[in-house]
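K.L.:
got a predicted model here, sequence first, then my questions.
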Amino acid sequence: MSDTLLTVENLEVQFRSGSSTTKAVNGVSFSLNRKENIGIVGESGSGKSVTATSLLRLIPNPPGKITGGRIVFEDKDLLRLSDKEMRKIRGNEISMIFQDPSTSLNPVYTIGNQIVESIKTHQHLNKKEAKEKAIHMLELVGIPEARKRFSMYPHEFSGGMRQRVMIAIALACNPKLLIADEPTTALDVTVQAQILNLMKDLQHSIDTSIVMITHDLGVIWETCDKMLVMYAGNVVESGTVQEIYDNPLHPYTWGLLDSQITESVSSEEELNAIPGSPPDLSLDITGCPFAARCPFAEEICLKKTPEMIEAAEGHFTACHFQTKEHRLDRKEGKVHDRSNIKS
Amino acid sequence: MGKYIFSRLINMIPTLFIVAIIVFLITRMIPGDPASVMLGPQASREDVEALTEALGLNEPIHIQFLQYIGNLLQGDFGVSLSYNQPITDLIINRFPNTVVLAVSALIIAFMIGVPAGIISASKQNSLIDYSITTISLIGVSMPIFWLGVMLVLYFSVNLGWFPATGMGSMDDGFISYLKHLILPSITLATIPTATFARITRSSMLEVITQDYIKTARSKGISEFIVISKHAFKNAFNPLLTVLGLQISSLLGGAVLTETIFSWPGMGLLIMDAIEKRDFVVVQSTVLFIALIFVMVNLVVDILYKVVNPKISYSTNKGGTK
């Protein structure tokens, strides 16, 4: 058995509406080993959630369509599987948890019913065994009085408890890969840490890899081994978490880091934000997608799309000025000077 | 829950009282008096007056109303002027026929309308979706008296497959009974079928974009279960509301259908009674239908709880939610 669990090559996803086509994901590649965690970070609309959803082929079609690339899980090319074969993978080998636990559980069925459903779909257990397994899962994710809670409805649980239930459903069949689409975004700060710790603990006990989608770099520092930084449907930087934490290269990553709220930000100062907003993905972009917002952009950035190059060992980035030979000087904090760009 | 049902039952009383007043007044506004209709055009003036007196129709209108209400409170619906029978007996005879017709129509409507709406929603913007939407639009706008006549013309007169009128008796066998039932129930089912299809479609469309549907798909269960189990039960609430309203409108729609097909139900009874100026029958049958209407609505409200565990009933002012 090879050590690589998942390989994504040049994934492209487009959404069609009327005559316009939005290129939500534009050639994303990464690979993930067993028991390894990868984080995908980016702002809203960067394509990170679409990438994650594509892994299970759950993009609503129409309007969405995976238009290119390969997703290889173990030795199976997921994009070539029939719907039936794909269903055997969903919830069984690859599971997913979603952003908002208050809407991702079905309000009219008990949580017990929803866990049992997942177990019975993939495992040959009778009703009683499936129930016992479900109660065991609920205990595992830290739900007190699991037996009693088994027959309760989602609205009788708090947000954090619901996310625990979602995790129980996702892990019920011991998946090899767990896709977590912003699992803590909708939760209280105090609950966020609990959920992340729970995911890390369970990961060790059942040997799952995690694809963690988030816009919170802190979550990635906490949980992941490697990471991708996505912008406008493209990967702009990738590498190990350690490397990117110590030595971030892409100006967009710098922007993300600077816009984090840390202890050093005083309440008097304005918060650092990246000026402008991401480009409209239904239009063709020439040059670097970040050029319009990049404080370092020069003429070449508007004309030529930068390639992903290995700027340091195992650390890739797509910027004309971040190469092995040449480096930009990072200016921390607010950078509004865009006089160097002639457009 | 028991408390809730009790308070709802108490709340029905004023509703029914108002219905009684309105129906009582409307029937008195119909020109023509029952005594002369009953006695026919050859009757002498004295006979008509004597009968009017005997029927108690000479009393001032408010006295008549109070007498009527007084009788109702004792469970007495009154005696029909034209049939010379207690109205309770008439209702007991006729109501089951209407129920048979309405239930058949409802079953047809539910079995066709709901699946059509589900298919339409799960294949949104496809050819089949457009066809179903168009057909159901035609369906809801169809005048049923015209449809009934057309069905009789084609299937009874031209093809001779089904009898044109009347209700078969079980004595002639189930097949004959069924043959009599088919055209009237199809006629009566048209509007509810189309309404169910439309409501199911719009309600399903709203549900299938929800996150929990994505969760269900991510579990690897089949699309059929995603739609029929996870989506449909959530889409059921609006459907239940419409179901309640349709049951009531079936009882109302039955007046037209029963008249076309001479189906001996409540609708035909009301039509006859109006023609004969049989005030008491009109009043009592309409009141009875109103009672059915409010009871159906109560049952629907209770069913909401079964479908949606989030709804709880409080007893203050009989309000729901």
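P.N.:
Received, thanks.

K.L.:
middle-most residue in chain A, spatially?
P.N.:
Among the residues of chain A, the smallest C-alpha distance to the mean C-alpha position (CA atoms, centre = their mean) belongs to A:I213, namely 1.9 Å.

K.L.:
any idea what that residue is bridged to?
P.N.:
With beta bridges defined as DSSP bridges, A:I213 has these partners: A:I40, A:D181.

K.L.:
count the residues that sit near B:N84.
P.N.:
8 (other CB atoms under 10 Å in any protein chain shown). Every residue, glycine included, has its C-beta placed from N, CA and C.

K.L.:
what is the helix ranked longest in chain A packed up against?
P.N.:
In chain A, assigned by DSSP state H, the helix with the most residues is helix A:189-206. Contact analysis of helix A:189-206 by 3 or more CB pairs under 8 Å, 6 or more residues apart in numbering or on different chains; DSSP states H and E lists helix A:159-171, strand A:177-181, helix A:217-223 as its packing neighbours.

K.L.:
could you tell me which strands the helix or strand that the last one is followed by is paired with, and in which direction each runs?
P.N.:
Moving toward the C-terminus from helix A:217-223, the first helix or strand encountered (DSSP states H and E) is strand A:226-231. Under the criterion DSSP bridges, strand A:226-231 sits next to strand A:37-41 (parallel), strand A:234-240 (antiparallel) in its sheet.

K.L.:
quick one: closest of the ones you listed to A:M166.
P.N.:
Of all those, strand A:37-41 sits nearest to A:M166, with 18.0 Å by CB to CB.

K.L.:
would you list the helices and strands packed on helix A:189-206 in CSV and tack on distance to A:K120, mean pLDDT and mean neighbour count?
P.N.:
Putting the helices and strands packed on helix A:189-206 into CSV (distance: least, CB to CB, whole Å; pLDDT from 0 to 100; neighbours: other CB atoms under 10 Å in any protein chain shown) gives the following:
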stretch, distance to A:K120, mean pLDDT, mean neighbour count
helix A:159-171, 12, 88, 24
strand A:177-181, 20, 90, 25
helix A:217-223, 30, 86, 20
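
K.L.:
for A:L198, find the nearest of the ones you listed.
P.N.:
Between these, helix A:159-171 lies closest to A:L198; by CB to CB that is 6.6 Å.

K.L.:
can you give the distance of that closest one from its chain's centre?
P.N.:
Mean-position distance between helix A:159-171 and its chain equals 18 Å (CA atoms, centre = their mean, to the nearest Å).

K.L.:
same for it, what does it pack against?
P.N.:
Using 3+ CB pairs under 8 Å, 6+ apart as the contact criterion, the elements in contact with helix A:159-171 are strand A:94-97, helix A:101-104, helix A:111-122, helix A:127-140, helix A:189-206.

K.L.:
can you redo those as JSON lines with mean neighbour count and mean pLDDT?
P.N.:
Shown next, in JSON lines, are these (neighbours: other CB atoms under 10 Å in any protein chain shown; pLDDT from 0 to 100):
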{"stretch": "strand A:94-97", "mean neighbour count": "27", "mean pLDDT": "90"}
{"stretch": "helix A:101-104", "mean neighbour count": "22", "mean pLDDT": "86"}
{"stretch": "helix A:111-122", "mean neighbour count": "23", "mean pLDDT": "89"}
{"stretch": "helix A:127-140", "mean neighbour count": "18", "mean pLDDT": "88"}
{"stretch": "helix A:189-206", "mean neighbour count": "15", "mean pLDDT": "84"}
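
K.L.:
now these in TSV, with distance to A:P183?
P.N.:
Shown next, in TSV, are the helices and strands packed on helix A:159-171 (distance: least, CB to CB, whole Å):
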stretch	distance to A:P183
strand A:94-97	5
helix A:101-104	8
helix A:111-122	17
helix A:127-140	16
helix A:189-206	6
